[in-house]
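S.K.: next comes the sequence, and after it the predicted model I'd like to discuss.
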Amino acid sequence: SQTIHQWPATLVQPVGSPLSLECTVEGTSNPNLYWYRQAAGRGLQLLFYSVGIGQISSEVPQNLSASRPQDRQFILSSKKLLLSDSGFYLCAWSVRARDTEAFFGQGTRLTVV
Amino acid sequence: SQQGEEDPQALSIQEGENATMNCSYKTSINNLQWYRQNSGRGLVHLILIRSNEREKHSGRLRVTLDTSKKSSSLLITASRAADTASYFCATDALGTYKYIFGTGTRLKVLA
């Protein structure tokens, strides 16, 4: 069966420090991969999505970047964190086909101090 | 950009009552999906309705879709305390693999 791993679960980082959040998927190949951010009590904002290795689409200009170095690995990065980068970050994957659902990781709660 | 808007933002009901949540979206879609999120956790898929479908059932869930009005509703019948969570609609826009989520409805079911 397919599983998605996202880590760490919580992270406290100082302003100006770098960030690297990793997400890996097991049990499938060629998945679509997604990074979302959720502000407290709010909906999900799509940050990046990828339909293949090295193919990244950015939805919102910001202080973050994403990379997909391997088929089932998706990394969210920042060179210098801002206070406004705080939030709940969720990784997800889906099968590359129509009318399929997204499967979510358990999320990373990032607090920038 | 946020695709969907959900209504109400928050809903509090007694156990055994029905809960109805509504979602509106802006563009043409392949399908619309509903997800559930327990506090501080990832989202779990509940049900998917295709753009050529008008109604779908799954257990205590009933979803309707009106593409002419660009709206959907989720009905949870005979609610339970364990249904307490946030519920989100998501659209899979035509020609993309993107899932765009609504703002969510926070449901509280009182025992």
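M.R.: Nice, I can see it.

S.K.: neighbours around residue B:5, how many?
M.R.: 17 (other CB atoms under 10 Å in any protein chain shown). (C-beta placed from N, C-alpha, C; glycine too.)

S.K.: pLDDT at the closest residue to it other than its chain neighbours, what is it?
M.R.: Take residue B:5 and drop its neighbours on the chain: the residue closest to it by CB to CB, 6 or more residues apart in numbering or on different chains is residue B:24, 5.1 Å away. Note on residue B:24: pLDDT of 95.

S.K.: for residue B:24, which residues are in contact?
M.R.: B:4-7, B:69-71 (CB atoms under 8 Å, 6 or more residues apart in numbering or on different chains).

S.K.: check residue A:70 too.
M.R.: Residue A:70 neighbours (CB under 8 Å, 6+ apart): residue A:53.

S.K.: distance of it from residue A:79?
M.R.: To residue A:79, residue A:70 is 22 Å away according to CB to CB, to the nearest Å.

S.K.: which SS state does the residue nearest the centre of chain A fall under?
M.R.: Here the mean C-alpha position of chain A is nearest to the C-alpha of residue A:35 (CA atoms, centre = their mean), at a distance of 3.0 Å. Here residue A:35 is recorded as strand under DSSP: H, G, I helix; E, B strand; the rest coil.

S.K.: hmm, it is touching residue A:66, no?
M.R.: Yes. Residue A:35 is within contact range of residue A:66, at 5.8 Å (criterion: CB atoms under 8 Å).

S.K.: what touches both of these two?
M.R.: Shared contacts of residue A:35 and residue A:66, counting by CB under 8 Å, 6+ apart, come down to A:47-48, A:74, A:76.

S.K.: okay if I get the residues you listed as TSV plus pLDDT, neighbour count and distance to residue A:91?
M.R.: Below are the shared contacts of residue A:35 and residue A:66 laid out as TSV (pLDDT from 0 to 100; neighbours: other CB atoms under 10 Å in any protein chain shown; distance: CB to CB, whole Å):
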residue	pLDDT	neighbour count	distance to residue A:91
A:47	95	21	10
A:48	96	24	10
A:74	97	30	6
A:76	97	22	8
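
S.K.: out of those residues, which comes closest to residue A:16?
M.R.: residue A:76 (17.4 Å; CB to CB).

S.K.: helix or strand: which one has the closest one?
M.R.: Assigned by DSSP states H and E, residue A:76 belongs to strand A:73-78.

S.K.: hmm, that strand touching chain B?
M.R.: No. For a cut-off given as CB under 8 Å from any CB of the partner chain, strand A:73-78 has no contacts with chain B; the smallest distance is 13.8 Å.

S.K.: listing partners with orientation, what would you give for that strand?
M.R.: Each strand paired with strand A:73-78, and its direction, by DSSP bridges: strand A:19-26 (antiparallel), strand A:65-70 (antiparallel).
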